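Asker: Next come a sequence and a model predicted from it.
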Amino acid sequence: MTRVFSIVFLGFLNSVVLAQKIYVIRNVTLIPMNTEKTLAGQTVTIENGKIGQVGSQDKIRIPKEAIVIDGTGKYLIPGLFDMHAHFFFEQGNHINTNANELKVMLANGLTTVRIMAGHPSYLEARDNIEKQLWTGPELFIASPQLVGRWPWPADFKNFEIVDTKEKASDAVKRFRREGYNEIKITFMVKREVYDEIIRTAKEEGIKVVGHVGPEVKLPAALKSGEQIEHMDEFIDMLLPDTSYNHGQSVSDMNIWRKNAWATVPSLDESKMPALVTAVKNSGVYVTPTNFFFFSCFGDGMTDEQYRERPDYAYIPKELLAEKWDIKERYWKNAPLMESRERYVYLRKKMTYELWKAGVPLMAGSDSPEWFLVTGFSIHDELETFVRAGLTPFAALQTATVNPATHLGIIHKTGTIQAGKEADLLLLDKNPLDDIRNTRAINGVFTNGVWFDKSTIRRMLDETRLGN
């Protein structure tokens, strides 16, 4: 039998993955995500990296030259998205481990990742993935973050200070030309500058994503159509009045400030329906990143719990001291437990009410903050959605259909349908029974290549840093 192979190099793995023109996943239970149904006994054909036929196994002829993957007892879902990720390159002494991190992402079932603070090396990483020089998920790169000022060391330039309208307009146009997919906005941007960013981005045909600061406030951001990360300024809308702590609660950087935590007992839950209605009417997509906030600032973890997480072995040794210092700095003067519990409760309820109202939510990990690592932590975020009250199917939508729709690529990925790219995740257990089963990865298909369980295990073993 004739087999045609293309060779994809896996960098430091010193091995090759053989990519064949035709694959067949046979007798699998399909969770296509364009419907809430599960479809048992299905066969999926993949030709040149795209889904060919999808249907009952007794109705699809398997070509003799195909590589057949036995899906018996397994579940096939679209590959997962992480819509808020970073690289370790931004931290510590700025050591570039981008190629290894991308393998860790892919091994954890991520086939699409949005990097949320741009840098030229990230554009290079995106190109290397597209050319199959590197192994990893498809990348969408937001621009260097637009800020009003930068009070930290400036030894890594993933930001642009825009303190005038002219600088804002120039930055948006320049980053659009340089090939960034979206414009990222972050800290301390004045309202008039913010408005210019939005105006120029609309003129240039590029989306604005990121934070909402107290200089802008949520109503203006909702009106602008900015895609909002972290539910910034949502919780501030529950303050009893705008004079209390200058109308600021624990959104964004205020989570480090005691005077902001002092507002939490006074937050008015009865204001939540109006907030949810406003968000729904705006049509914006929201990425809560709840697991990051809960695990680091709300519920917290013991030192032993952090060390026992699978992420921990993939953190560069050079960064560990810095991360332990950040953790200790917060927890040695942590807010009262009652305030932290109420904070977690309100964010969970807000997430649930937004989902119930039909606001499109997206899964984002904000890794590698603290001891979280991109890839592992997306599964924690999906669990957190379910703990907030979403169904497992709805949680999966936040990491498949919804981000694909926001990014404008739902026509080619995000669901399992004939003609779409074969971004697929094969699981040993049903994620609709228990969302934690997204971790039971048997194989990943992306960019025309099938990564089986042994290849995934090898990728993870060889990217561990031995902490």
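Answerer: Great, that's in hand. Only a predicted model underlies this, so the values are computations on that prediction, with no experimental measurement involved.

Asker: Check the gap between residue 209 and residue 386 for me.
Answerer: Remark: distance between residue 209 and residue 386 (Cβ to Cβ, to the nearest Å) = 25 Å. Yep, even glycine has a C-beta here, placed from its N, CA and C like the rest.

Asker: Compare the two (neighbour count), which wins?
Answerer: residue 209 (25 against 16; other Cβ atoms under 10 Å).

Asker: Please name the residues that touch the more buried one.
Answerer: Taking Cβ atoms under 8 Å, 6 or more residues apart in numbering, we find residue 209 in contact with 116, 142, 182-185, 226-229.

Asker: tell me which element it falls in.
Answerer: Using DSSP states H and E, residue 209 falls within strand 208-210.

Asker: So which of the contacts of residue 209 belong to helices?
Answerer: Among the contacts of residue 209, none falls in helices (DSSP state H).

Asker: now that we have those residues, which one has the most neighbours?
Answerer: residue 185 (30 neighbours).

Asker: Please name the residues that touch it.
Answerer: 145-146, 194, 197, 208-211, 226.

Asker: Which of the residues you listed sits closest to residue 415?
Answerer: Ranked by distance to residue 415 (Cβ to Cβ), the contacts of residue 185 are led by residue 209 at 22.7 Å.

Asker: The closest one: what's its closest spatial neighbour, skipping adjacent residues?
Answerer: residue 227 (4.3 Å; Cβ to Cβ, 6 or more residues apart in numbering).

Asker: Hmm, the one you found is touching residue 284, no?
Answerer: Yes. Counting by Cβ atoms under 8 Å, residue 227 does reach residue 284; the two are 5.9 Å apart.

Asker: related to what we said a few turns ago, the contacts of residue 209 into TSV, with extra columns for distance to residue 81 and pLDDT?
Answerer: Putting the contacts of residue 209 into TSV (distance: Cβ to Cβ, whole Å; pLDDT from 0 to 100) gives the following:
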residue	distance to residue 81	pLDDT
116	13	96
142	14	98
182	14	98
183	19	98
184	17	97
185	21	96
226	19	96
227	14	97
228	17	96
229	14	96
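
Asker: Rebuild the residues you listed as a markdown table, extending it with distance to residue 452.
Answerer: Compiled in a markdown table, the contacts of residue 209 are given as follows (distance: Cβ to Cβ, whole Å):
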| residue | distance to residue 452 |
| --- | --- |
| 116 | 31 |
| 142 | 32 |
| 182 | 34 |
| 183 | 39 |
| 184 | 36 |
| 185 | 41 |
| 226 | 41 |
| 227 | 35 |
| 228 | 38 |
| 229 | 35 |
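
Asker: of those, closest to residue 353?
Answerer: Using Cβ to Cβ, residue 228 is the member of these that sits closest to residue 353, with 15.4 Å.

Asker: Excluding chain neighbours, what is closest to that closest one?
Answerer: Per Cβ to Cβ, 6+ apart, closest to residue 228 is residue 286, 5.3 Å.

Asker: Can you give me the neighbour number for residue 453?
Answerer: Residue 453: 13 neighbours (other Cβ under 10 Å).

Asker: Quick check: it vs residue 442, distance?
Answerer: 5 Å.

Asker: Kindly report the same for residue 416.
Answerer: 16 Å.

Asker: okay, the two: which has more neighbours?
Answerer: Neighbours per residue (other Cβ under 10 Å) separate residue 416 from residue 442, with residue 416 holding more: 26 against 19.

Asker: Contacts only, for the more buried one.
Answerer: Under the criterion of Cβ under 8 Å, 6+ apart, the neighbours of residue 416 are 30-34, 44, 51, 54, 76-78, 424.

Asker: Try it again at 7 Å.
Answerer: 30, 32-33, 44, 51, 54, 76, 78, 424 (Cβ atoms under 7 Å, 6 or more residues apart in numbering).

Asker: With residue 196 instead?
Answerer: With Cβ under 7 Å, 6+ apart, residue 196 has these contacts: 165, 168-169.

Asker: hmm, 10 Å instead?
Answerer: Residue 196 is in contact with 162, 164-169, 171-172, 189-190, counting by Cβ atoms under 10 Å, 6 or more residues apart in numbering.

Asker: Average pLDDT for the strand or helix carrying it, rounded please.
Answerer: Using DSSP H and E, residue 196 falls within helix 191-204. The average pLDDT within helix 191-204 is 97.

Asker: likewise stretch 400-408?
Answerer: Averaged over stretch 400-408, pLDDT sits at 98.
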